[in-house]
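Asks: sequence and computational prediction follow.
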Amino acid sequence: MSDRSRELSGEGPAETGDGALGVRLVEPGADETERAAESALRPKRLRDFVGQQVVRNQLSIVLESARARGRAPDHVLLSGPPGLGKTTLSMIIAAELGTHLRITSGPAIQHAGDLAAVLTSLEEGDVLFVDEVHRIARPAEELLYVAMEDFRVDVVVGKGPGATAIPLDLPPFTLVGATTRAGLLPAPLRDRFGFTAHLDFYSTAELQQVLHRSAALLGVALTSEGATEVARRSRGTPRIANRLLRRVRDWSLVRGSGATGGGVVVDEASARAALEVYEVDPLGLDRIDRAVLRALCRTFGGGPVGLSTLAVAVGEEAETVETVVEPFLVREGMIGRTPRGRVATDAAWRHLGLEPPLTRPGGLPGQLELGEPGSGRSPEQLPRSADDLSDGR
Ligand SMILES: Nc1ncnc2c1ncn2[C@@H]1O[C@H](COP(=O)(O)OP(=O)(O)O)[C@@H](O)[C@H]1O
Ligand SMILES: [Mg+2]
């Protein structure tokens with residue numbers, strides 16, 4: 001990051017900042033301290049960016065064409081869950097174009113004036129990265145539309161009926177917007193991006209590649225079994241993979257090979273031992289994930305149980321369970337969301353080392369008629385009150 005970028009980087013809060021749980025090792029967002037550790041591991045050029053084949057290919061064409069034409073490329077929208085490489089790609093775009101990168105974020109733009117200040121300081125060909133672009137304040141949106149489309153800002157001078165708008169031309173620039181919630185972008189904003197890339201979760205093989213690259217940068221000897229072991233627990237997310245690698249590195253340094261005077265080696269055994277200490281299990285579930293599954297299976301007999309009841313059972317806010325814990329469990333097919341509440345799938349029971357109830361037809365969530373003969377459920381396993389069902393979104 002150049003100094004010019006740094007001074008503009010009114011970095012907003014971490015993407016999924018949440019105090020309630022404390023710091024989770026499997027949290028896909030990053031805090032301030034982690035950003036420093038991450039910047040050392042960020043690929044600088046497109047060829048070093050692992051995976052996302054389709055996006056990489058499309059983006060390389062957009063960038064090469066822009067270079068060939070000697071013009072700033074169309075505005076780029078990067079969407080996808082936290083930790084998959086949106087910020088990294090924005091830096092790569094500027095690097096590939098050989099231009100300056102200016103960084104700001106939606107939450108830092110609360111007034112039209114904030115945005116006007118950033119825009120009027122741009123130089124020709126600059127890349128302006130707006131993280132969490134869906135969080136730009138309404139009054140600034142209009143200004144952004146005009147800037148993106150006509151490379152102009154209207155600076156309003158004065159107030160009331162006597163106010164006049166003085167148009168100011170902007171040099172051509174490229175806006176790179178990142179969002180975890182593409183669905184929240186107003187259509188006029190979405191339409192002004194000429195190229196939209198959606199980042200998907202990474203395969204285990206791709207994460208292994210990320211890990212080998214990071215291990216080399218960290219000076220850690222990573223075996224391929226060690227890489228597999230860490231990759232499998234990384235929830236498809238490079239940020240989590242890099243974080244787990246750093247924790248296993250720590251373990252190897254002070255409890256593993258490093259402790260006996262050797263170099264720091266991350267192999268299958270050290271990865272397993274370290275991640276057991278940090279309570280990240282073989283599927284990448286941590287303590288809170290397992291607590292939710294246990295409550296669902298053991299306390300509520302597999303559900304259906306309402307979200308707020310489930311949350312109380314694990315001592316968390318309903319919102320935390322819904323937004324921070326559940327998405328991964330749903331993605332992994334362990335929890336189902338039904339109109340009557342949350343249900344555990346067979347995979348959830350088995351993951352806890354429990355036998356799924358035999359009588360559930362196919363173990364499919366939501367297929368079960370409550371209290372009917374053969375549902376295999378005793379009355380105390382049924383939801384306790386109508387209230388429990390009412391929030392079963
Ligand atoms: N495709 C990739 N190849 C290598 N490392 C990656 C890749 N995607 C992400 N990373 C690493 O993961 C971390 C998080 O990436 P980042 O770009 O900050 O994610 P996002 O902005 O989408 O939350 C960074 O340390 C980055 O180096
Ligand atoms: Mg980011």
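Replies: The structure has been received and is ready for your questions. Ligands and ions are numbered 1, 2, ... in the order given.

Asks: number of nearby residues for the residue of the chain found nearest ligand 1?
Replies: Closest residue of the chain to ligand 1, C-beta to the nearest ligand atom: G85 (2.8 Å). The way it works is simple: take the backbone N, C-alpha and C, and place the C-beta from them, glycine included. Neighbour count of G85, defined by other C-beta atoms under 10 Å: 24.

Asks: ok, it - contacts?
Replies: Neighbouring residues of G85 by C-beta atoms under 8 Å, 6 or more residues apart in numbering: 49, 52, 199, 238.

Asks: and the stretch 151-300 of the chain, which residues reach ligand 1?
Replies: For the stretch 151-300 of the chain, the contact set with ligand 1 under C-beta under 6 Å from any ligand atom comprises 210, 238-239, 242.

Asks: which of those lies closest to L115?
Replies: For these, the residue nearest L115 by C-beta to C-beta is R239; the value is 28.1 Å.

Asks: that closest one and K86 touch, don't they?
Replies: No: in this structure R239 lies outside contact range of K86 using C-beta atoms under 8 Å: 10.6 Å.

Asks: shared neighbours of those two, anything?
Replies: With contacts taken as C-beta under 8 Å, 6+ apart, R239 and K86 have no neighbour in common.

Asks: over to the residue of the chain closest to ligand 1: give its phi and psi.
Replies: Main-chain torsions, G85, degrees, to the nearest 10: phi 120, psi 20.

Asks: cool, I335 as well?
Replies: The phi/psi pair for I335 (degrees, to the nearest 10) reads phi -120, psi 140.

Asks: can you count the residues close to it?
Replies: Look at I335: counted by other C-beta under 10 Å, it has 25 neighbours.

Asks: for it, which residues make a bridge with it?
Replies: A344 (DSSP bridges).

Asks: I'd guessed A318 sits against L307; true?
Replies: Yes: between A318 and L307 there is a contact under C-beta under 8 Å: 5.2 Å.

Asks: those two: who's more crowded?
Replies: L307 (19 against 15).

Asks: can you give me the buried ones in whatever helix or strand T309 lives in?
Replies: Using DSSP states H and E, T309 sits in helix 307-314. Residues 307-311, 313-314 are the ones in helix 307-314 that count as buried (16 or more other C-beta atoms under 10 Å).

Asks: measure stretch 210-229 end to end?
Replies: Counting by C-alpha to C-alpha, to the nearest Å, you get 13 Å between the two ends of stretch 210-229.

Asks: so which residues of the protein form strands?
Replies: In the chain, the segments counted as strands under DSSP state E are 76-79, 101-105, 127-131, 152-157, 164-169, 174-179, 195-198, 221-222, 265-266, 335-338, 341-344.

Asks: right, so those strands: which one is the most enclosed?
Replies: strand 341-344 (a mean of 28; mean count of other C-beta atoms under 10 Å).

Asks: identify the residue nearest the geometric centre of the chain.
Replies: P82 (1.3 Å; C-alpha atoms, centre = their mean).

Asks: that one against R239, yeah?
Replies: Yes: at 7.1 Å, P82 and R239 qualify as touching, with contact defined as C-beta under 8 Å.

Asks: overlap in contacts, the two.
Replies: Shared contacts of P82 and R239, defined by C-beta under 8 Å, 6+ apart, comprise 28, 30.

Asks: quick one: furthest residue from the center of the chain?
Replies: Farthest-from-centroid check, the chain (C-alpha atoms, centre = their mean): G162, 46.5 Å.

Asks: neighbours of H75, how many?
Replies: Residues lying near H75 (other C-beta under 10 Å) number 21.

Asks: my error: substitute A163 in the last question.
Replies: If you count neighbours by other C-beta under 10 Å, A163 ends up with 9.

Asks: find the nearest non-adjacent residue to V277, please.
Replies: In space, and not counting its chain neighbours, V277 is closest to W251: 6.5 Å by C-beta to C-beta, 6 or more residues apart in numbering.

Asks: check contacts around the one you found.
Replies: W251 makes contact with 270, 273-274, 277 under the criterion C-beta under 8 Å, 6+ apart.

Asks: any idea how far it is from L245?
Replies: According to C-beta to C-beta, to the nearest Å, W251 and L245 sit 11 Å apart.

Asks: quick one: low-confidence residue ranges for the protein.
Replies: 1-22, 359-393 (pLDDT under 70).

Asks: domains of it?
Replies: Using automatic domain parsing, the domain parsing of the chain gives 3-198, 204-277, 287-390.

Asks: which one of the ones you listed is the most hemmed in?
Replies: Mean neighbour count (mean count of other C-beta under 10 Å) peaks for domain 204-277 among the domains of the chain, with a mean of 20.

Asks: re the thing from before, so which of the buried residues of helix 307-314 would you say is closest to A37?
Replies: Of all these, A37 sits closest to V314, with 29.7 Å by C-beta to C-beta.

Asks: find the nearest non-adjacent residue to the closest one, please.
Replies: Nearest to V314 is A291, by C-beta to C-beta, 6+ apart, at 4.6 Å.

Asks: repeat for L253
Replies: Going by C-beta to C-beta, 6+ apart, L253 has V264 as its nearest residue, at 5.2 Å.

Asks: for that neighbour, give me its contacts.
Replies: Counting by C-beta under 8 Å, 6+ apart, V264 has contacts 219-221, 249, 252-253, 256-258.

Asks: one more time with 10 Å
Replies: For V264, the contacting residues are 215, 218-222, 248-254, 256-258, 270, by C-beta atoms under 10 Å, 6 or more residues apart in numbering.
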